[in-house]
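Colleague: Generate a structure from the sequence data that follows.
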Amino acid sequence: MVLPQSMRLKGYKCFDLIHRSGKRFYGDFMILRVVKARSYLLNSSCKKSLDKACRCGLTISGKVSKKAVVRNRLRRVFHEHLRVRLEDSSQHSDKWILLSLKPNSMTQQPSQLLKECDILLERAGFIHESYC
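Modeller: Modelled structure (predicted):
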């Protein structure tokens, strides 16, 4: 299962805002960016859904893997992981997250990448130590 539509962040304006002004949390294999939500940037279909959790975006460049199948599989794994971690967290509904994988991340197993994701989410204040 992937992120529900209400949790998924779409649109270049949203991604551009997060890249420019988001607070960054660096890991060895990924970067987590967090910014205060700005609903006016969302398209009309996204605004209709009631936000009970933060919105999440994910970028995996062609430098991570040249194969789209591999990138899409990673994207599905991360979307599911973020859904499980953040779906019930209504206290962060006013924030947007962008997770960007670094090119060297394919040297690690997905389980290692998910552990680092949890560490970054904890540093950003989204989850508590019990998840890690």
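
Colleague: List the residue ranges of this structure that fall below the pLDDT cut-off.
Modeller: Within the chain, the segments meeting pLDDT under 70 span 1-6, 43-53, 89-90, 129-132.

Colleague: By residue count, tell me the biggest helix in it.
Modeller: The longest helix of the chain (DSSP state H) is helix 68-86.

Colleague: List the buried residues in it.
Modeller: For helix 68-86, the neighbour count (16 or more other C-beta atoms under 10 Å) marks 71, 74-75, 77-79, 81-83, 85-86 as buried. (Each C-beta comes from the backbone N, C-alpha and C, glycine too.)

Colleague: Other residues contacting the helix or strand that that helix is followed by?
Modeller: Moving toward the C-terminus from helix 68-86, the next helix or strand (DSSP states H and E) is strand 95-101. For strand 95-101, the external contacting residues (C-beta atoms under 8 Å, 6 or more residues apart in numbering) are 9, 14-15, 18-19, 22, 29-37, 54-61, 64, 74, 78, 82, 86, 113, 117, 120, 124, 126.

Colleague: quick one: the following helix or strand past strand 95-101 to strand 95-101, angle?
Modeller: Sequence-wise, the next helix or strand downstream of strand 95-101 (DSSP H and E) is helix 110-123. Angle, helix 110-123 to strand 95-101, by axes from the mean of the first three to the mean of the last three C-alpha atoms, to 10 degrees: 150 degrees.

Colleague: Distance from the chain centre to helix 110-123, please.
Modeller: Helix 110-123 sits 11 Å away from the centroid of its parent chain (C-alpha atoms, centre = their mean, to the nearest Å).

Colleague: and it, what other elements does it pack with?
Modeller: In terms of contacts (3 or more C-beta pairs under 8 Å, 6 or more residues apart in numbering; DSSP states H and E), helix 110-123 is packed against strand 30-36, helix 68-86, strand 95-101.
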